[in-house]
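**Student:** compute the structure for the input listed below.
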Amino acid sequence: MSALVRKEVRSLVPPGVLAMVLATLPVWVAWPGGASLLAADLGYKVYAPFALGILLLSLTPFGQELNWGTFSVLLSQPIPRARIWRTKTLLLAGALLLVFAAFLVSNRLRVDMAIQAAQSTEWRSLLQRPGGDAQLVSMIAYVRHEVFIGSVLIGGLAATAGFAGGLWTPLLFRQVSAAFWFTLVVPMGLGLLTGQLLGDFSSPVGRTVTCAVIGLYSVGAYVWARRFFREVQDTQWTGGVLSIPKLGATGAQARVGRRARRRVRTLLAKEMQAQYVNLLLAGGLLAIHLLAVVLRALNANYLAVHRSMSMVLEAFPVLWLALPLLVGTVSIAEERKLGTFQTTSCLPVSRRLQFAIKLALALVLGVFFGALVPFLVERLGSLVGVSPTSLAFGSTRFDFAALAQNVVAAFGISLLGLYGSSLTNNTLQALGSGILACMIGALLIVVTTRPPVVGGIFLWGPLLLAPVLVPIMAGCILALSYSNYRRLHPGGQAWLRNGVVLLASLLGATAVTSAVYHRVWEAWMPIE
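**Tutor:** Numbers count the residues shown, from 1 in each chain. Predicted coordinates for the structure are as follows:
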């Protein structure tokens, strides 16, 4: 095995493992959930994590080179660029095929187990009816067929589009955040446009046309990226600098007596400058969301018949939850990647103040873009007769409960993104760490709300555990984030220490809450 192959394999292993987990785990936790098994639709709770894993893995070959600062070194190697391209693309294609195969196998096993469980519970009465066997066989065949077709089509399209997008977007933009959004949004936009013009995705014609469009996009993107890589230069575009206006006065215009305020303003301006790519992408996402609301308003009758297209448009606000993750992951890892973390550590400003500004800005921007902006857009749509999406906002009135739920979700994702950024050295690694932290948090929420039963007794009460566990874990994450922020380059020991602290906090809070819930002190009290 050549050194080039070994290097590529080492870079693909961490995101490949994460993509494998995101492809296999959610279907066992989120499906079928509270819905009936006959729905036969895995839903966005299964497909969205799989697509995120595919996206992260696809961005790795060239995204890691840009993050490590080795892209120029790669182009200057005494190796033909065709060989470099062939090695990267073949290994990426093999990794994506493994993840896709694991996704199909995991879905099939989960369907078989769910069907076996249903035969002994909700389908037991059907078996006892005359002719129930034939009807049950038809139901089982329908469920298996729909799940298999959905897994192959949606999973295959996500893998194909992710493979092509992960090649051309990093080479063109040279920025992971922009590459992330364009790899995600461009195939979705093509799919929506195809469904809007030629038919619903649930129909055979709509599926065929959508697959053809995504296939043509993938082939065209791959060919363009291959040609572009042969001629690409080792420096980025230098035609200008995109930036946001600076905050506050600087230089001779500021008075000496305002040093304290100027210090905070300068640090805040620096953090805003680091987020300018996310701010630009948020503006583009806002324009696309407004366009989706206009389409829902103009095509209400069409969407009432074509439900799959309607659900895709109504699920658009979920995309805003990716912005809190990106805002959080850029906060610390971007400075380590650019090599400015050492300089900021030497400033005559306390580490606590710098971390507090990073944390406050990440949480404010995350909540604003992840919850308030989509809520206001949906409210604007409701004023012109568009019903808000049930996935996020649920009713036509000003629902404070729905808004609070989205604020909490955006707050948690921003915090977890910042925590992942504190443990990593570049944005792509921070994205993977943030996604992993969000998945673990979602899994903990599911386990917390569905306590296991031992001997007919719940191990803990969900209404009691959540108010205790959430503040404790949030406090631990904040403390660990600050501790990690003080390290120049966190390594394996930092990861191990963080894991031990979080696991001890989780087990301790669960044990204490369970003991209070079951009132264990009564075991030592007299019966009378």
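**Student:** below-threshold pLDDT in the stretch 51-200 of the chain: ranges please.
**Tutor:** 121-133, 135, 195-200 (pLDDT under 70).
**Student:** try it again at 80.
**Tutor:** 115, 117-140, 189, 191-200 (pLDDT under 80).
**Student:** strands along that one, start to end?
**Tutor:** Taking DSSP state E, counting those that start in this stretch, the stretch 51-200 of the chain contains no strands at all.
**Student:** ok, which stretches of the stretch 301-450 of the chain are helices?
**Tutor:** In the stretch 301-450 of the chain, the helices defined using DSSP state H, counting those that start in this stretch lie at 307-314, 322-338, 341-345, 351-367, 373-383, 400-422, 427-449.
**Student:** which secondary structure elements does the lengthiest helix in the chain contact?
**Tutor:** Using DSSP state H to assign secondary structure, the helix with the most residues in the chain is helix 132-173. Secondary-structure packing of helix 132-173 (3 or more Cβ pairs under 8 Å, 6 or more residues apart in numbering; DSSP states H and E): helix 44-68, helix 81-119, helix 124-127, helix 176-198, helix 204-231. Where you see a C-beta, it was placed from the backbone N, CA and C, and this is true even at glycine.
**Student:** so which of the helices of the stretch 301-450 of the chain gets nearest residue 144?
**Tutor:** Smallest distance to residue 144 across the helices of the stretch 301-450 of the chain (Cβ to Cβ): 19.6 Å, for helix 307-314.
**Student:** what are the contacting residues of stretch 177-187?
**Tutor:** Applying Cβ atoms under 8 Å, 6 or more residues apart in numbering, the contact partners of stretch 177-187 are 51, 55, 58-59, 63, 157-158, 161-162, 165-166, 169-170, 172-173, 214, 217, 277-278, 281, 284-285, 288, 319, 322, 326, 330, 427, 431.
**Student:** let's see it at 7 Å
**Tutor:** 55, 58-59, 63, 161-162, 165-166, 169-170, 173, 214, 217, 277-278, 281, 326, 330, 427 (Cβ atoms under 7 Å, 6 or more residues apart in numbering).
**Student:** out of the helices and strands packed on helix 132-173, which gets nearest to residue 348?
**Tutor:** helix 44-68 (29.7 Å).
**Student:** residues of that closest one that come out buried?
**Tutor:** For helix 44-68, burial by neighbour count (16 or more other Cβ atoms under 10 Å) applies to 44, 46-68.
**Student:** next secondary structure after the strand or helix carrying residue 475?
**Tutor:** According to DSSP states H and E, residue 475 maps onto helix 462-485. Remark: after helix 462-485, the chain's next helix or strand is helix 492-518, criterion DSSP H and E.
**Student:** now for that following helix, which elements pack on it?
**Tutor:** helix 462-485 (3 or more Cβ pairs under 7 Å, 6 or more residues apart in numbering; DSSP states H and E).
**Student:** now do the helix it packs on, average pLDDT.
**Tutor:** Taken as a whole, helix 462-485 has a mean pLDDT of 89.
**Student:** just list what it packs against, helices and strands only.
**Tutor:** helix 400-422, helix 427-449, helix 492-518.
**Student:** 8 Å instead, please
**Tutor:** helix 351-367, helix 400-422, helix 427-449, helix 492-518.
**Student:** which residues touch it?
**Tutor:** The contact list for helix 462-485 (Cβ under 8 Å, 6+ apart) reads 332, 351-352, 355, 358-359, 415-416, 418-419, 422-423, 444, 448-451, 490, 494, 498, 501-502, 505-506, 509-510, 512-514, 516-517.
**Student:** quick check on these: which are buried?
**Tutor:** Here, 16+ other Cβ under 10 Å leaves 332, 355, 358-359, 415-416, 418-419, 422-423, 448, 451, 490, 494, 498, 502, 505-506, 509-510, 513-514, 517 buried among the contacts of helix 462-485.
**Student:** list the contacts of the closest residue to residue 12 other than its chain neighbours.
**Tutor:** Among residues not flanking residue 12 along the chain, residue 95 sits closest, at 5.3 Å (Cβ to Cβ, 6 or more residues apart in numbering). With contacts defined as Cβ under 8 Å, 6+ apart, residue 95 is in contact with 12, 16, 19, 57.
**Student:** helix or strand for residue 7, which one?
**Tutor:** helix 3-24.
**Student:** return the residues in contact with the residue nearest to residue 495 when sequence neighbours are not counted.
**Tutor:** Using Cβ to Cβ, 6+ apart and skipping residues adjacent in sequence, the residue nearest residue 495 is residue 423, 6.5 Å away. Taking Cβ under 8 Å, 6+ apart, we find residue 423 in contact with 430, 433, 484, 490, 494-495, 498.
**Student:** before we move on, what about residue 9?
**Tutor:** residue 91.
**Student:** ok, back up a step: for the contacts of residue 423, which one is nearest residue 292?
**Tutor:** Using Cβ to Cβ, the contacts of residue 423 come closest to residue 292 at residue 430, 28.7 Å.
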